[in-house]
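Colleague: What follows is a predicted structure for the sequence shown.
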Number of protein chains: 2
Amino acid sequence: MKDLFSGLKIEVNKNLYVKDPESSSLGKKIIEKSIKLINDKGFEQFTFKKLGAEISSNESSVYRYFENKHKLLLYLTSWYWGWKEYQLVFGTNNIQDPRQKLETAINILTRSVEKDSLTSHIDEACLNKVVVNEFSKSYLTKEVDRENKEGFFEVYNRLVLRLKEMILAVDKDYLYASSLASTVLEGALHQHFLKEHFPSLTECDNKVTPTQYFTHLVNTTLNYTHNG
Amino acid sequence: MKDLFSGLKIEVNKNLYVKDPESSSLGKKIIEKSIKLINDKGFEQFTFKKLGAEISSNESSVYRYFENKHKLLLYLTSWYWGWKEYQLVFGTNNIQDPRQKLETAINILTRSVEKDSLTSHIDEACLNKVVVNEFSKSYLTKEVDRENKEGFFEVYNRLVLRLKEMILAVDKDYLYASSLASTVLEGALHQHFLKEHFPSLTECDNKVTPTQYFTHLVNTTLNYTHNG
DNA sequence: GCAAAAGTGATAGTAATACTATTATATTTG
DNA sequence: CAAATATAATAGTATTACTATCACTTTTGC
């Protein structure tokens, strides 16, 4: 995986940051430590002051990179979805059979993230936990429409559309391809969360994965023979 | 609907409030106006000070009913799920055919909420919007395990279990009944949200409902003929 | 090699939030 | 009608989410 991606920069919307954190070592430290700190404390208890201490600097330095913690969260989650998008595109592009392609896509998009480091400063497994716990908070806001217009959710939108196209390639008559695609992406985060905190609300555990569940769900739904 | 429920009190966990808001007219006003205010401003911008002004009282009065706004949100969402549970139980209890029963359940749990007032002070349609936008924030916290142990999510847990049982009644060999049940409940909120803010990520709109999508999804999945 | 520019770290300050505490007044109830 | 309880108002604290300023350091461009 590493070789495929080395030297590759994941693009996020430029309005999410004041100064590109990838452009300096302090910026990279901000990204690295913010992921750990949000994972440790939760987004509500995470502050730029605490982050400043963590990077042996202070609040004001962080503000030079990000306007506020909401934008930082949008940056981190956009990066995550961009990273998933690369995995999806490279992982499926040489598969001819639509059914096989879709199954691979679902695997990539719903599996747990192992330590598999594309970049030295981003711990993808930790970022995955942050996404599971905090991604919803990035769009469940009163500013969502304006921010969506500004392109802050562009990567995520594109990812759902890619999955939708793969669903339609398997069954062009399926009526709910977008909804199913968004259900798989969002639902996978949710099942991973339930696994940890509400085990009675899911079959997923150490042995059963969200990937198995969603693969079965999509397969049975698209196998259904339509009338006429 | 009204007749069935009149005089019925929806039970929520007693540790969610300091003083039962149903026990006084000020308490009812707190519930009534908090729903509207959270819906207007979003949970992050909602404060007890603003709520105090709204009920022509002040902050300190609100604190006598609820420890903090997080507990108030838990109270409101628990009430909502309790209300849904009554609809589910009364709406399905005389249906014999498991398939028909499940279809009715999905309809009740995924449909949009119309003005249909069980209580004078709770606007269920408005509360439904609050649940769509804010419910996730009530459990995506670092305190979720402790609070779950305390029973703060009891009603929701029970609702998923009820739906799970109905799924198993249709197909006792289906391997992912809990996951499917939690997907339907959570996914319905999500599809309603997408309909409003990310229309390209869902087929749901004025004509297609989340209910149709989930009914189709569950039907096709449980219609699938197993090998052996 | 040096001056200018840019980046960083530290401190101070503001308005708002999320409370706690106290007290006076109003209302309920035994 | 007195005692208990509920409410309203005010004040105060620590923290948050910033903005502004300034000194110091590092980078860079000629």
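Modeller: Okay, I see it.
Colleague: Which of the helices or strands spans the residue most central in space within chain A?
Modeller: Residue closest to the mean C-alpha point of chain A, counted by C-alpha atoms, centre = their mean, is A:W81 at 3.8 Å. Element membership for A:W81, per DSSP states H and E: helix A:69-92.
Colleague: buried ones in that helix?
Modeller: Buried residues in helix A:69-92, counting neighbours by 16 or more other C-beta atoms under 10 Å in any protein chain shown, are found at A:69-88, A:91-92. Bear in mind the C-beta positions are built from the backbone N, C-alpha and C, glycine included.
Colleague: Please give the centre-to-centre distance between it and its chain.
Modeller: Its chain's C-alpha centre and that of helix A:69-92 lie 5 Å apart, by C-alpha atoms, centre = their mean, to the nearest Å.
Colleague: Give the other helices and strands that that helix contacts.
Modeller: Identification of packing neighbours for helix A:69-92 by 3 or more C-beta pairs under 8 Å, 6 or more residues apart in numbering or on different chains; DSSP states H and E yields helix A:25-41, helix A:98-110, helix A:124-139, helix A:154-170.
Colleague: try 6 Å this time
Modeller: helix A:98-110, helix A:124-139, helix A:154-170 (3 or more C-beta pairs under 6 Å, 6 or more residues apart in numbering or on different chains; DSSP states H and E).
Colleague: and the angle for it with helix A:98-110?
Modeller: Orientation note: helix A:69-92 sits at an angle of 150 degrees relative to helix A:98-110 (axes from the mean of the first three to the mean of the last three C-alpha atoms, to 10 degrees).
Colleague: State the distance from the residue nearest to the centre of chain A to chain B.
Modeller: According to C-beta to the nearest C-beta, to the nearest Å, A:W81 stands 13 Å off from chain B.
Colleague: got a list of what that residue touches?
Modeller: Counting by C-beta atoms under 6 Å, 6 or more residues apart in numbering or on different chains, A:W81 touches A:155-156, A:159.
Colleague: next one: A:L189
Modeller: Going by C-beta under 6 Å, 6+ apart, A:L189 touches A:V132.
Colleague: Recalculate using a threshold of 10 Å.
Modeller: Under the criterion of C-beta atoms under 10 Å, 6 or more residues apart in numbering or on different chains, the contact list for A:L189 reads A:110, A:128, A:131-136, A:210, B:186.
Colleague: same question, A:I95
Modeller: Applying C-beta under 10 Å, 6+ apart to A:I95 gives the contacts A:101-105, A:166.
Colleague: Of the contacts of A:W81, which is the most crowded?
Modeller: With neighbours defined as other C-beta atoms under 10 Å in any protein chain shown, the most crowded of the contacts of A:W81 is A:Y156; it has 25 neighbours.
Colleague: Is it in contact with B:F198, as I believe?
Modeller: Yes - between A:Y156 and B:F198 there is a contact at 8.8 Å, judged by C-beta atoms under 10 Å.
Colleague: so what sits against both of those two?
Modeller: Common contacts of A:Y156 and B:F198, defined by C-beta under 10 Å, 6+ apart, comprise A:139, A:148, A:182.
Colleague: Can you add pLDDT and give the residues you listed back as a markdown table?
Modeller: Formatted as a markdown table, the shared contacts of A:Y156 and B:F198 follow (pLDDT from 0 to 100):
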| residue | pLDDT |
| --- | --- |
| A:Y139 | 98 |
| A:N148 | 98 |
| A:S182 | 98 |
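Colleague: Are any of the residues you listed buried, and if so which?
Modeller: Here, 16+ other C-beta under 10 Å leaves A:139, A:148, A:182 buried among the shared contacts of A:Y156 and B:F198.
Colleague: State the helix or strand in which the second one lies.
Modeller: I take that to be A:N148. Using DSSP H and E, A:N148 maps to helix A:144-149.
Colleague: near chain B at all, that helix?
Modeller: Yes - remark: helix A:144-149 sits within contact range of chain B at A:144-145, A:147-148, by C-beta under 10 Å from any C-beta of the partner chain.
Colleague: Just the buried ones among the residues you listed, please.
Modeller: In the residues of helix A:144-149 next to chain B, burial by neighbour count holds for A:144, A:147-148, counting by 16+ other C-beta under 10 Å.
Colleague: for chain A, what are the low-confidence residue spans?
Modeller: A:1-7, A:116-118, A:224-228 (pLDDT under 70).
Colleague: Next one: A:I122 from A:R158, what distance?
Modeller: From A:I122 over to A:R158 the distance is 20 Å, taken as C-beta to C-beta, to the nearest Å.
Colleague: cool, and A:F152?
Modeller: Using C-beta to C-beta, we find A:F152 at a distance of 13 Å from A:R158.
Colleague: neighbour count winner among those two?
Modeller: For A:F152 versus A:R158, the count of surrounding residues by other C-beta under 10 Å is larger for A:F152: 25 against 13.
Colleague: contacting residues around that one?
Modeller: Counting by C-beta under 10 Å, 6+ apart, A:F152 touches A:12-13, A:15-16, A:70-71, A:74-75, A:77-78, A:138-139, A:143-144, A:146.
Colleague: sorry, back to before: which one of the buried ones among the shared contacts of A:Y156 and B:F198 is nearest to A:L194?
Modeller: Proximity of these to A:L194 (C-beta to C-beta) peaks at A:S182, which lies at 17.8 Å.
Colleague: so how far is DNA strand C from the closest one?
Modeller: Distance, A:S182 to DNA strand C, by C-beta to the nearest atom of the strand, to the nearest Å: 30 Å.
Colleague: gap between the residue lying closest to A:G151 once chain neighbours are set aside and A:L74?
Modeller: Spatially, and ignoring its direct neighbours in sequence, A:G151 is nearest to A:N13 (5.0 Å; C-beta to C-beta, 6 or more residues apart in numbering or on different chains). Computed as C-beta to C-beta, the A:N13 to A:L74 distance reads 8 Å.
Colleague: where do the contact lists of those two overlap?
Modeller: Residues touching both A:N13 and A:L74 by C-beta under 10 Å, 6+ apart: A:147, A:152-153.
Colleague: nearest to A:L37, of those residues?
Modeller: Closest approach to A:L37 among those (C-beta to C-beta): A:F152, at 21.7 Å.
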